[in-house]
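Engineer: Sequence first, then the predicted structure:
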Amino acid sequence: GAVVSQHPSWVICKSGTSVKIECRSLDFQATTMFWYRQFPKQSLMLMATSNEGSKATYEQGVEKDKFLINHASLTLSTLTVTSAHPEDSSFYICSAGATSGSSEQYFGPGTRLTVT
Amino acid sequence: GDSVTQMEGPVTLSEEAFLTINCTYTATGYPSLFWYVQYPGEGLQLLLKATKADDKGSNKGFEATYRKETTSFHLEKGSVQVSDSAVYFCALSAGGAGSYQLTFGKGTKLSVIP
């Protein structure tokens, strides 16, 4: 149980285009989902926290107009990288917290974004 | 603010060697502590956790004990295998029940050679 999927697993896009990444909780409902960014050989950097039905809370330094997050249902959150540039190339990981009240997060496998 | 400090890698061990990866934390209140593992090309997986002082988390031969007096949660395994090669992240969650926000350490890359 507690499986989180991400789609796509990897994507290559041209500079200036937008890319949408989906994060789904497959067998549980997730009130809260998190989006992280991971640079090579570095830790995960929390970008934003999204709660179902409300606006996402962005961490300091993360442009909310560039990284659009939608959490429309208890099983789906999306991250859209708008007007992508090469410096946005990274590994994006989502995680979900179950509604049961446990503090545990369940992580998706990640999406490798390459902007050319 | 909350923070996690773990030993810098990379760590290279021979198969069947003993592993210790140190992790210390700073947090207000009583955080829950976690070790996550990231295998090459994959997402993070929860390896083990402990939610209160003196708890020992264990899984797949790995163990870590929540030491409040030393604010530590060191990861240990008595005999590592090649398949244990991965990046290990120590993390804490300080928000209490229902609060999921995690603070991660920088990760320690472990390579196990035959």
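Structural biologist: Yep, it's here. Numbers count the residues shown, from 1 in each chain, chains lettered A, B, ... in the order given.

Engineer: Give me the distance between the two termini of stretch B:34-46.
Structural biologist: With Cα to Cα, to the nearest Å as the measure, the first residue of stretch B:34-46 is 7 Å from its last.

Engineer: same thing with stretch B:43-56?
Structural biologist: Span of stretch B:43-56 from end to end, Cα to Cα: 24 Å.

Engineer: now do stretch B:89-102
Structural biologist: 11 Å.

Engineer: Check the model's average confidence along it for me.
Structural biologist: Averaging pLDDT along stretch B:89-102 gives 74.

Engineer: now stretch B:2-9
Structural biologist: 89.

Engineer: How far away from the center of its chain is that stretch?
Structural biologist: 10 Å (Cα atoms, centre = their mean, to the nearest Å).

Engineer: Alpha carbons of it, in PDB - could you do that?
Structural biologist: What follows is stretch B:2-9 as a C-alpha-only set of coordinates in PDB (Å, rounded to 0.1, in the frame of the first residue of the first chain):
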ATOM      1  CA  ASP B   2      15.000  22.600  12.300                       C
ATOM      2  CA  SER B   3      18.000  21.100  10.700                       C
ATOM      3  CA  VAL B   4      19.600  17.700  10.100                       C
ATOM      4  CA  THR B   5      23.300  17.100   9.800                       C
ATOM      5  CA  GLN B   6      24.600  13.800   8.500                       C
ATOM      6  CA  MET B   7      28.100  12.600   7.700                       C
ATOM      7  CA  GLU B   8      29.400  13.500   4.300                       C
ATOM      8  CA  GLY B   9      30.100  10.800   1.800                       C
END
